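Student: give me coordinates for this.
(chains A and B)
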Protein chains: 2
Amino acid sequence: MASPSKFDPNHLGKNTWVPNIEPGSDFSIYNLPFGIVSTKSDPAPHVAAAIGSHILDLKVFFTHPEGPYHRPFPSFHEFDGFEALLLDVFSQPTLNAFAALGRAVRSKVRNTLQQLLVAQTPYPSVLRDNMPLRAAALLEDSEVTAMHLPMTIGDYTDFYAGYYHAHAVGTLFRGPDAALQPNYLHMPIGYHGRSSSIVVSDTPIRRPVGQVAHVGEDGKQIVSTGPTRKLDIELELGCFIASENRMGDSVDVDSAAKYVFGYVLLNDWSARDVQAWEYVPLGPFNGKNFATTISPWVVLAEAMEPYRTVPGHELDRKSLQPYLCEANTENVLDINLRVYLQTTAGVTTPITRTNSRYLIWSFPQMIAHHTLGGCPLRTGDLLGSGTISGPDGSYESGSLLEVTENGKKPLKLVQTGTRTFLEDGDTVIIRGFAGADWSRVGFGPCRGKIIGPSLKK
Amino acid sequence: MASPSKFDPNHLGKNTWVPNIEPGSDFSIYNLPFGIVSTKSDPAPHVAAAIGSHILDLKVFFTHPEGPYHRPFPSFHEFDGFEALLLDVFSQPTLNAFAALGRAVRSKVRNTLQQLLVAQTPYPSVLRDNMPLRAAALLEDSEVTAMHLPMTIGDYTDFYAGYYHAHAVGTLFRGPDAALQPNYLHMPIGYHGRSSSIVVSDTPIRRPVGQVAHVGEDGKQIVSTGPTRKLDIELELGCFIASENRMGDSVDVDSAAKYVFGYVLLNDWSARDVQAWEYVPLGPFNGKNFATTISPWVVLAEAMEPYRTVPGHELDRKSLQPYLCEANTENVLDINLRVYLQTTAGVTTPITRTNSRYLIWSFPQMIAHHTLGGCPLRTGDLLGSGTISGPDGSYESGSLLEVTENGKKPLKLVQTGTRTFLEDGDTVIIRGFAGADWSRVGFGPCRGKIIGPSLKK
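Tutor: Okay, here's the model as predicted:
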């Protein structure tokens, strides 16, 4: 493969010949995220990349008679002899096979695709100027009939690396002096989540029934079962694992970035009343396992590389265990994060405006900790960052628990109404992006609408 | 399929023509557990059933020219037209496809296999008296070169349903008055475990490195990282799920038994010092996720049906939430459980002698609780019961934490030596069985040997 062209993120202009791209699109040419689509012409789930308001259908691209498998491209645009492998990989219903190829191959493939899409590509370009191939493989996003979960997820681990979230929740329940548990600044606290209930954006979320307890007027504990009254969101980043470590072997923190495939937005829906009653001593269970929503496009680690920064709250490195000390101090991502609540009336209220740099632990640190005792990670495993909140609780909080102080201070919605927790019919939308204008690297929406509980007879 | 013959568990005699079976074999004809084997003649993992010291290689059985697929058996021994399906299902490297067939089909298949193996089968029997088929499919267990994980496990959930274990551990850390948490008698407490580190019996277990904390002489907390000094076992039953519930739908407790495929023995290895430092507030993580061992043969739910009993400690049904009230009060299993510790010198010390009836919650109750909020279970999911201990802590405890009171009272080994927790080179063997003599239904060993930690430079 020829040396990949380097793109200057500050370069002016839209930098792709793909039509109708807008400044501020999540899917600039600097992004090129991968996802699993069904299209009008091919309903079987398969791989595509997003560019502006279009997708490049990679299954069609590689299987087409004019595509690089059947008619090898000129050397500048070649796929290094991987054409047959990529035809298979991009025909799969998940990204696991692509992730497992390793970062070197993935980067080359992504760079070659960027070269094909870049505005400066000379005439005749093998994609832009080959009308049969372009018409078949470059589709408007309206041709997409469904987005699917991008990976087969073996294990899902949810961390708790949002410093201001942990601090705010701790303050709420234990007061400011005991806000953080003694272990919090020493390791990325996490728990094993439920992989079977991870769903892709736009899957409706059924309000869960659960067991709860409250103290009655006589001071006695009353236990009951019913639909949760405290349905909440958790604004998180998700990180998909590309490479496996052998069981018994740990991953060095400075090698851990190589294990990352890419990122998604993640909403870890939570039933706070259920969680409060069940979580001692083994952690959250039914309060969390009813649903977790992720955005459908995986933004590759390479696309986020320019957006590393130092954490908004830095740990004292001297007190860190050596296995958690990264050489790179710009170890967290600078992603702008937004949460919106839309009512059934269609009115949208911004709830949260924060940034992923408020994570106190990086994904490499989470990976190093997770594997410290030899726990094997597998291709497709998902790590959640934990809820991300900024230092200003009033509009930087990644959960309604914080925004409303556990329901005590209702949130005023735009136009009319208030919320303590979510109501049936509410839609929650998370957005996230780095960069700006023509070089924005974003995720597309992570969205879910609450539907009423399933009640027996 | 003809009506399955009923076996009388009290019938005298070995009840099978398979040679060399011994009284007290875990794999009597009343059991017929299923597992995944490699054999000398076929190293590709595939399905077999165990009978005495033999296996019936079900892939060979169905693919053989004299087997039921190529030469249909007489009506009394037929497989109801499922021969082609079963040939495929038994050639798979896991039992997931077999489990997903549903209980009615599974029971018929098992019953038909029992008919083929029963002593009273009239001459000429299609297996016993067909020498080419018998020689190829009925193998001595020495022909088995490896046993594999029986299922592809999506999610692993570990419950905490051992009443006397919870009580003993709570007493150890909080005193007898606060032994049980307020929620304990109201729901089956559980947490999501790690599925990637579940291994089959005889896989060596590497002592994990972990982060721990202790209080120094000056009263200050000292955090360090190193091999665990409190490596422990947890004696549990595992339950494999056969059927799926749709996300958002709960499973009724009186229908939940239909979701069970079968049972295995389970050792939830635990690093107590790591667990103690990490578990607040989200539960166990690295203290557990380095390894979980299960026995290789899945004892089907049908084989355990005669061994239902009432729990050793009964819950007050009046205080139970309705979704947890089972019509059947004989809802737990009467399985005798043993734990042995074998040193490198080959000397074996019995540690534990207890019974699974000391579980306070049944697997149907765990399933009803797990799905209450709509969490989807999938074929191959594994539920751990939680550590099983009896009321007498001195020899009925399923963990060394209890036996040695967190290391304070060393256990005296047979011949020489003591243990507080496990040492490198120790082998732990769990055994379990119901019934006796010629009708015993057992699991075979669940075994793991501790090897030294992986230490960097």
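Student: and the residue of the stretch 351-457 of chain A found nearest chain B, how many neighbours does it have?
Tutor: Distances between the stretch 351-457 of chain A and chain B by Cβ to the nearest Cβ are smallest at A:Gly373, namely 3.1 Å. Every residue, glycine included, has its C-beta placed from N, CA and C. A:Gly373 sits with 28 neighbouring residues when counted by other Cβ atoms under 10 Å in any protein chain shown.
Student: next one, pLDDT for it please.
Tutor: The confidence metric pLDDT takes the value 98 at A:Gly373.
Student: need the three-state assignment for it.
Tutor: coil (DSSP: H, G, I helix; E, B strand; the rest coil).
Student: residues from the stretch 51-200 of chain A in reach of chain B?
Tutor: Contact residues, the stretch 51-200 of chain A versus chain B (Cβ under 8 Å from any Cβ of the partner chain): A:154-155, A:160, A:181-183, A:186-187, A:189-197, A:199.
Student: go with 10 Å
Tutor: A:152-160, A:166, A:169-170, A:173-174, A:181-197, A:199 (Cβ under 10 Å from any Cβ of the partner chain).
Student: can you give me the strands in the stretch 1-150 of chain A?
Tutor: With strands called from DSSP state E, counting those that start in this stretch, the stretch 1-150 of chain A shows them at A:34-39, A:46-51, A:54-57, A:138-140, A:144-148.
Student: kindly provide the distance from whichever residue of chain A sits closest to chain B to B:Pro281.
Tutor: Nearest residue of chain A to chain B, counting by Cβ to the nearest Cβ: A:Gly283, 2.5 Å away. Applying Cβ to Cβ, to the nearest Å, the value for A:Gly283 to B:Pro281 is 7 Å.
Student: so where do the helices sit in the stretch 201-350 of chain A?
Tutor: Remark: helices assigned in the stretch 201-350 of chain A by DSSP state H, counting those that start in this stretch are A:272-278, A:301-304.
Student: show me what A:Gly262 is bridged to.
Tutor: For A:Gly262, the beta-bridge partners under DSSP bridges are A:Phe240, A:Leu300.
Student: contacts only, for the residue lying closest to the residue of the stretch 351-457 of chain A closest to chain B once chain neighbours are set aside.
Tutor: Leaving aside its chain neighbours, A:Gly373 sits nearest to B:Pro208 (3.1 Å; criterion: Cβ to Cβ, 6 or more residues apart in numbering or on different chains). The contact partners of B:Pro208, by Cβ atoms under 10 Å, 6 or more residues apart in numbering or on different chains, come to A:248, A:250, A:372-375, B:197, B:227-228, B:231, B:269-271, B:274, B:286-291, B:453-454.
Student: please redo it, this time with the cut-off set to 7 Å
Tutor: Applying Cβ atoms under 7 Å, 6 or more residues apart in numbering or on different chains, we find B:Pro208 in contact with A:Gly373, A:Gly374, B:Thr228, B:Ala271, B:Phe290.
Student: please work out how many residues are found near A:Leu95.
Tutor: 27.
Student: pretty sure it contacts A:Val298?
Tutor: Yes - counting by Cβ atoms under 7 Å, A:Val298 is a contact partner of A:Leu95 at 6.1 Å.
Student: list residues touching both of those two?
Tutor: By Cβ under 7 Å, 6+ apart, the residues touching both A:Leu95 and A:Val298 are A:Phe34, A:Pro150.
Student: stretch A:96-113: which residues count as buried?
Tutor: A:96-101, A:103, A:105-113 (16 or more other Cβ atoms under 10 Å in any protein chain shown).
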